[in-house]
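**Student:** Next come a sequence and a model predicted from it.
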Amino acid sequence: MSRASPAERTAAAVESILVVTKRTMLEELVARFNSTAQARFYIEHAGLSFEETQAAHDAYARAVDALRKGLPRGVKTQFVERSFLPTFKFSGHDLVVTIGPDGLVINAAKYLTREPLLAVNPDPLRVDGILNPFAVAEVPSWVERAMTGPVPLKRVSMAKAELNDGQSLYGVNDLFIGVRSHVSARYKLAVGGRSEAQSSSGIIVSTGAGSTGWLSSVVNGAMGVARNLAVQGRKAAEGDGKRVAVRMPWDSDDLVYAVREPFASKTSQATLAFGTVPGGQSLVVESQMAENGIIFSDGIESDYLNFNAGVVATIRIAERKANLIARG
């Protein structure tokens, strides 16, 4: 939990409310197929329940409506849909309220600088709520607290990829460096005073918040292969069949990188396949891909940096952290 002073400074700067929403699955399909009937046909043809999709849509709509009615009158308020976040100009004085699944919190947080973020769970029956612990009914009281005095904050570290042309991209969970189609990527990787040319399915660089996400999947896959290749009767230190957890505090200044499916050949190595990038140090990746090289963060491929031959990316812990309002 953060100290009181950052909370006081953040709360004092709040002048307006920005609510971040997302389209439901039904809304996305209606936009894609131009009608509810066509969306229903697609859903049922895929073996899913249209009734459940409709119910989830209705629950979300009710939650957004209830949140809207619970916001204080007389305060400048704006609603913005998630897809507009990459180009949205934040004022730096907003109280940001997200209402949606856990991923929406991540999507919004990486674009913030100092703004506090109140993460609301619109549908506890369907949304895990790991990152968004607040119910819709709690919004009025927490908005009032955030706008009138200090609130407890949970600091969340971010990763930053900066290119040699000055472009940059932040990630709350992780960064992916590779090829848009996820086929073999070629690049030169340097970390901790060592470097090598690699060919792989891409690199995952994870923060503390993302250490149990995509990074965990990569590690679990690698451990599964290692276990099956082990001499019969021998067991990995973690135990047969157990999930491997790579956990770090959300405010950690360290990053962890994992190279997916590195291929060792006459022109590529696989010794720097996994490791830690301590705070204050960096991971440097130089692209050797003629086309389709890409860097994106938090699973959002639509917001990306081109990473083709000659481009060098320096990846380190970001200079700023996200500020999630906590219950403390």
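**Tutor:** Good, I have the coordinates. It should be emphasised that the depicted structure is a prediction, and the values quoted were computed from it without experimental measurement. Numbering: from 1, shown residues only.

**Student:** sec struct for the closest residue in space to Ala258 that isn't next to it in sequence, please.
**Tutor:** For Ala258, ignoring the flanking residues on the chain, the nearest one in space by C-beta to C-beta, 6 or more residues apart in numbering is Val218 at 4.5 Å. Yep, even glycine has a C-beta here, placed from its N, CA and C like the rest. Classification of Val218 by DSSP: H, G, I helix; E, B strand; the rest coil places it in helix.

**Student:** and the gap between Asn292 and Ala37?
**Tutor:** 37 Å (C-beta to C-beta, to the nearest Å).

**Student:** the more surrounded of the two?
**Tutor:** Of the pair Asn292 and Ala37, Asn292 is the one with more neighbours under other C-beta atoms under 10 Å, namely 14 against 10.

**Student:** how far away is that one from Val179?
**Tutor:** 5 Å.

**Student:** pLDDT on stretch 294-302, on average?
**Tutor:** For stretch 294-302, the mean per-residue pLDDT is 91.

**Student:** Oops, could you answer that again for stretch 153-173 instead?
**Tutor:** pLDDT averaged over stretch 153-173 gives 95.

**Student:** number of nearby residues for Gly328?
**Tutor:** Around Gly328 there are 10 residues (other C-beta under 10 Å).

**Student:** ok, it touching Pro150?
**Tutor:** No - the criterion here is C-beta atoms under 8 Å, and Gly328 misses it with Pro150 at 11.1 Å.

**Student:** what about Val259, distance to Leu29?
**Tutor:** 36 Å.

**Student:** quick one, which of those two is more surrounded?
**Tutor:** Val259 (25 against 22).

**Student:** Who is the more buried one paired with across the strands?
**Tutor:** Ile203 (DSSP bridges).

**Student:** Mind pulling up the pLDDT for it?
**Tutor:** 92.

**Student:** quick one: contacts for it?
**Tutor:** If a contact means C-beta atoms under 8 Å, 6 or more residues apart in numbering, then Val259 has Leu189, Gln198, Ser200, Gly202, Ile203, Ala270, Leu272, Ala273, Phe274 as its contacts.

**Student:** Adding pLDDT, secondary structure and neighbour count, write those residues out as CSV.
**Tutor:** Shown next, in CSV, are the contacts of Val259 (pLDDT from 0 to 100; DSSP: H, G, I helix; E, B strand; the rest coil; neighbours: other C-beta atoms under 10 Å):
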residue, pLDDT, secondary structure, neighbour count
Leu189, 97, strand, 22
Gln198, 96, strand, 25
Ser200, 94, strand, 22
Gly202, 94, coil, 22
Ile203, 95, strand, 27
Ala270, 89, coil, 15
Leu272, 91, coil, 19
Ala273, 89, coil, 20
Phe274, 90, strand, 15
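
**Student:** With respect to Asp65, which of those residues is nearest?
**Tutor:** Gly202 (41.0 Å; C-beta to C-beta).

**Student:** May I ask you to confirm that that closest one is in contact with Arg180?
**Tutor:** No - between Gly202 and Arg180 there is no contact under C-beta under 8 Å: 10.0 Å.

**Student:** Pull up the pairing partners for the helix or strand containing Glu319, direction included.
**Tutor:** For Glu319, the host element (DSSP states H and E) is strand 312-325. Strand 312-325 has the following strand partners under DSSP bridges: strand 116-121 (parallel), strand 153-163 (antiparallel), strand 283-287 (antiparallel).

**Student:** Please identify which of those is closest to Ile317.
**Tutor:** strand 153-163 (6.0 Å).

**Student:** And the next helix or strand past that closest one?
**Tutor:** Taking DSSP H and E, what comes next after strand 153-163 is strand 168-171.

**Student:** Quick check: what element follows that next one along the chain?
**Tutor:** Counting by DSSP H and E, what follows strand 168-171 is strand 174-179.

**Student:** Any idea how far that next one is from the middle of the chain?
**Tutor:** The chain centre lies 12 Å from the centre of strand 174-179; the measure is C-alpha atoms, centre = their mean, to the nearest Å.

**Student:** Compute the inter-axis angle for it and strand 283-287.
**Tutor:** Put simply, strand 174-179 runs at 30 degrees to strand 283-287, going by axes from the mean of the first three to the mean of the last three C-alpha atoms, to 10 degrees.
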